[in-house]
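**Student:** here you go, sequence then predicted model.
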Amino acid sequence: MQPTTRLLAQGSMRYRKLRLTTKDVNKGFYKGTGTGNVGEHTKHGGFSINWKKVRTYVCPSLEGFKLTPFVTKNVKPVHGQYEDKLGPKSPRLYLERWKAENGLD
């Protein structure tokens with residue numbers, strides 16, 4: 001099997017620098033997701049976390065930081081006023097809104 005002519009046009013060394021896929025190598029190549037291992041499975045089907053392996057990120061002090069966020073800090077969160085206990089998850093409110101926007105069948 002030969003690589004495509006486009007890959008050959010840039011030289012054979014260029015093809016070797018491309019990321020490996022499962023189609024490029026023989027069986028036994030497992031790509032994985034790059035997430036890493038943070039614990040182990042127990043014999044009873046649970047999962048125990050090894051806290052020494054968990055990634056922690058330390059945010060530096062942002063005092064005097066000149067960049068601003070995309071959303072201004074002046075925006076106030078808006079919470080809906082619902083008659084139903086379920087709030088926005090209410091099936092009745094969903095159907096009422098659907099009928100108002102789409103009309104009756």
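**Tutor:** Happy to help now that I have it. Only a predicted model underlies this, so the values are computations on that prediction, with no experimental measurement involved. Numbering: from 1, shown residues only.
**Student:** in the protein, which helix or strand is least confident?
**Tutor:** Lowest by mean pLDDT, DSSP states H and E among the helices and strands of the chain is helix 12-16, with a mean of 54.
**Student:** packing partners for the helix or strand that that one is followed by?
**Tutor:** Downstream of helix 12-16, the first helix or strand assigned by DSSP states H and E is strand 39-41. With contacts taken as 3 or more CB pairs under 8 Å, 6 or more residues apart in numbering; DSSP states H and E, strand 39-41 sits against strand 47-49. No exception for glycine: its C-beta is placed from N, CA and C like everyone else's.
**Student:** tell me where the model's unsure across the chain.
**Tutor:** Where the chain drops to pLDDT under 70, the residues are 1-17, 69, 71, 104-105.
**Student:** buried residues, the longest helix along the chain. List them.
**Tutor:** Longest helix in the chain, counting residues (DSSP state H): helix 91-102. Neighbour-count burial for helix 91-102 flags Leu93 (criterion: 16 or more other CB atoms under 10 Å).
**Student:** run through the residues that contact Leu86.
**Tutor:** With contacts defined as CB atoms under 8 Å, 6 or more residues apart in numbering, Leu86 is in contact with Leu93.
**Student:** and the contacts of stretch 22-42?
**Tutor:** The contact list for stretch 22-42 (CB under 8 Å, 6+ apart) reads 20-21, 47-50, 53-55.
**Student:** farthest pair in those residues?
**Tutor:** With CB to CB as the measure, no two of the contacts of stretch 22-42 lie farther apart than Thr21 and Ser48, at 33.5 Å.
**Student:** circling back: including distance to Val78 and neighbour count, could the contacts of stretch 22-42 go into TSV?
**Tutor:** As requested, these are exported to TSV (distance: CB to CB, whole Å; neighbours: other CB atoms under 10 Å):
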residue	distance to Val78	neighbour count
Leu20	48	10
Thr21	46	9
Phe47	38	9
Ser48	42	9
Ile49	37	10
Asn50	42	10
Lys53	41	11
Val54	35	10
Arg55	35	7
